[in-house]
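J.: Here you go, sequence then predicted model.
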Amino acid sequence: MTTPVAHAAAQSKASRALAFVGSFHLWMAFAISLLLIISLAGCALTGIKLPELGAWTIVFLVLTAMLLPLPAYWYEKGRADLLDPALILLWTLLLRLIIPLSVRVAARLRMPLQDSLLGRADEHLGVSVPAIMAWANHHWLGSVLNRSYGWVVILLPLAVLVPVLAGRSKYAKEFLVANLISFAIGIPLFGLLPAVGPWRYYHLPPTPDQTISCEAPLLELRLPGPYILGSQEAGIVCFPSFHVAWAILFAAALWGFRWLRMPVALVSGMVILSTLTTGWHYFADVLGGILLAVTSIALAKRLMARMDIRRA
């Protein structure tokens, strides 16, 4: 007679635990697990070898072991307000580790390069990237904009940390969901419409960074035969521009803080313009990044609203 009672008690405890954690974190756990499975399967199917898989696994397990005790501790203490940000930071780290795999898998599809398509699109729109670069090279404002291109690596962590530290985790959650949606849309688009960059279409000499971080890794990924994954970062996505998408997602994440709106808008605008003044992207990439960001934000807000209704 005690077995049904114990079983019912266990079910009740599990239900309370799931309710305490929340549907958002359960959804994130499922989404990130699915992304990891797809990425690893894609590596196997496209011939990407992971020679340092053992080392990466150790790093992953160590980082997880370092981070998991924190949400577990707050769960035991019944502090949902602190469990929430701890899990948000965990999901952010896992996404940071997994996404580069997905991008390389998309590049291995070896679809025809679309630099001519994107370059002609710019010409039809009346935008000349070389003319914008020439202006930037002879104007102080252009020099400032060029320096802002690398700011995106700072903006992304801030989009999570500022809302979490300010006790407004909702904005960080929307940012994470919007990123997942943008990856789900943008990475397949990159796989179908790969491109090197404007320097290829306009026959301009690439900068050392453009060669080392973009053109060389992309062309190497497109070679037949196995590809051995290294630890070097590679910014190989041309269309749609994730620099543009991330700048807008960053602004959306911090827009709820009124006192930050002006600096956030300024910084985001500078990053977007820098994609053209530095010659890293076509104008078509910028338009694609804007559309991607707007779509992702709208869908993220809708998903979050549904989760809030169900929780209520």
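T.: Right, received. Where do you want to start?
J.: quick one: the most centrally placed residue in the chain and residue 172, what's the gap?
T.: Nearest to the mean C-alpha position of the chain, counting by Cα atoms, centre = their mean, stands residue 179 at 5.1 Å. Here the criterion is Cβ to Cβ, to the nearest Å. By it, residue 179 lies 11 Å from residue 172. (C-beta placed from N, C-alpha, C; glycine too.)
J.: now swap in residue 243 and tell me
T.: 20 Å.
J.: next one: residue 158
T.: 10 Å.
J.: of those two, who's got more company?
T.: residue 172 (25 against 16; other Cβ atoms under 10 Å).
J.: Please identify the helix or strand for the more buried one.
T.: Assigning secondary structure by DSSP states H and E places residue 172 in helix 169-192.
J.: swap in residue 286?
T.: helix 283-311.
J.: May I see the buried residues of that helix?
T.: Buried residues in helix 283-311, counted by 16 or more other Cβ atoms under 10 Å: 283-290, 292-293, 295-297, 299-300, 303-304, 307.
J.: And the strands in the protein, which stretches?
T.: Using DSSP state E, the strands found in the chain span residues 48-49, 227-228.
J.: avg pLDDT for the first one?
T.: So the one you mean is strand 48-49. For strand 48-49, mean pLDDT rounds to 87.
J.: Residue 275 is in contact with residue 288, isn't it?
T.: No. With contact defined as Cβ atoms under 8 Å, residue 275 does not count as touching residue 288 (11.1 Å).
J.: and for these two, which residues touch both?
T.: 241, 244 (Cβ atoms under 8 Å, 6 or more residues apart in numbering).
J.: ok so, going back, reformat the strands of the chain into a markdown table and put mean neighbour count and distance to residue 216 next to each item.
T.: Output for the strands of the chain, formatted as a markdown table (neighbours: other Cβ atoms under 10 Å; distance: least, Cβ to Cβ, whole Å):
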| stretch | mean neighbour count | distance to residue 216 |
| --- | --- | --- |
| strand 48-49 | 16 | 17 |
| strand 227-228 | 15 | 13 |
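J.: got CSV for those, with distance to residue 154 too?
T.: As requested, those are exported to CSV (distance: least, Cβ to Cβ, whole Å):
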stretch, distance to residue 154
strand 48-49, 29
strand 227-228, 30
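J.: can you tell which of the ones you listed is closest to residue 254?
T.: Nearest to residue 254 among these is strand 48-49 (35.4 Å), distances taken as Cβ to Cβ.
J.: elements contacting that closest one?
T.: Packing partners of strand 48-49 (3 or more Cβ pairs under 8 Å, 6 or more residues apart in numbering; DSSP states H and E): helix 80-107, strand 227-228.
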